[in-house]
Structures are given as structure tokens and as C-alpha cells.
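Peer 1: fold the following.
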Amino acid sequence: MESRTITVEGLRTRVLVEEGRGEVREPIVLIHGVGGWAENWRPVMADLASTGRQVLALDLPGFGESERPQRVRYFGPDEAFYPRFVIAAMDVLGIERGGETTSIGDTEEDEDRRRRELEDAAEDDQT
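Peer 2: Numbering: from 1, shown residues only. Below you'll find the model as predicted:
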């Protein structure tokens with residue numbers, strides 16, 4: 001697993017990358033919840049990459065090893081920062097948009113369920 005630093009919307013942003021060893025396919029982008037960081041995804045990244053897909057986990061701005069933004073509106077119906085940031089990060093990483101999106105709760109009780117759902121999704125993609 002490799003740790004990279006990219007610049008997104010002027011902010012230093014850390015990305016964990018686990019390269020898949022198979023056919024070139026759409027990457028899997030993992031985004032932590034509020035209060036989390038990219039390291040939350042480390043336990044499942046190798047398993048997901050074993051499907052042949054590149055797996056990336058972002059540290060959102062202000063979390064983990066990423067730079068904190070100045071005065072932004074993180075959530076809300078108008079000009080919310082995080083959705084715009086994630087799309088810009090995908091552009092910087094050269095990831096085309098349009099794939100599947102999955103959202104999973106980020107609580108300790110959900111950790112086993114999250115791992116199973118991600119592994120199931122990766123297995124489904126192999127078929």
C-alpha cells in the first residue's frame with residue numbers, strides 16, 4: 001500500500017493506494033465519514049484490490065493527514081464543499097465518473113457488515 005499526496009482545490013490531500021493485479025477496471029474510491037480518515041479503510045483495501053481493481057482511500061480535508069480548508073460550507077443544499085471536493089479529487093486522480101456509488105454507515109457496530117458488503121460488491125464485480 002502506498003501513501004500519496006495530491007493537491008485538490010489548492011489543498012494538500014493524502015490518498016492511500018492499493019494497486020490491483022489484474023485486468024484494468026474502474027477503481028474503487030473509498031471515502032470516510034465525518035471523524036474518520038483514510039486509515040479506516042486499510043483493513044479492506046488489499047481484499048478489494050485482489051479483485052484486480054485499484055483501490056484508493058482519501059483523507060477528506062481537515063481529517064487524517066490532509067490540509068484543513070478555510071471557511072467553507074461542508075454540508076448543505078447549496079455549494080456544499082465535500083461533494084465538490086470529491087469530484088475534483090477524482091478528476092486529479094484521472095478517475096472517470098459514472099460508476100456505482102455505495103454508502104455504508106461508519107460506526108463500530110457496522111464494521112463487520114461494511115467489510116462483508118465491500119467484499120460482496122467486489123466479488124459481484126468479478127462475475
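
Peer 1: which stretches of this protein have low pLDDT?
Peer 2: 24, 72-78, 99-115, 125-127 (pLDDT under 70).

Peer 1: mind listing the strands for it?
Peer 2: 2-8, 11-18, 28-31, 55-58 (DSSP state E).

Peer 1: other SSEs contacting the third one?
Peer 2: Based on contacts counted as 3 or more C-beta pairs under 8 Å, 6 or more residues apart in numbering; DSSP states H and E, the elements that strand 28-31 packs against are helix 42-49, strand 55-58, helix 81-92. Placement of C-beta: from N, CA and C, glycine included.

Peer 1: quick check: angle from the first one to strand 11-18?
Peer 2: Using axes from the mean of the first three to the mean of the last three C-alpha atoms, to 10 degrees, the direction of helix 42-49 lies 60 degrees away from that of strand 11-18.

Peer 1: buried residues in helix 42-49, which are they?
Peer 2: Of the residues in helix 42-49, V44, M45, L48, A49 count as buried by neighbour count, 16 or more other C-beta atoms under 10 Å.

Peer 1: around the spatially closest residue to the last one that is not a sequence neighbour, how many other residues sit close by?
Peer 2: Once its chain neighbours are removed from consideration, A49 has its nearest residue in E18; the separation is 4.1 Å (C-beta to C-beta, 6 or more residues apart in numbering). E18 is surrounded by 24 other residues when neighbours are defined as other C-beta atoms under 10 Å.

Peer 1: of all the strands of the chain, which one is nearest R68?
Peer 2: When the strands of the chain are compared by C-beta to C-beta, strand 11-18 sits nearest R68, at 8.0 Å.

Peer 1: next one: that closest one to chain centre, how far?
Peer 2: Centroid separation between strand 11-18 and its chain, computed with C-alpha atoms, centre = their mean, to the nearest Å, is 9 Å.
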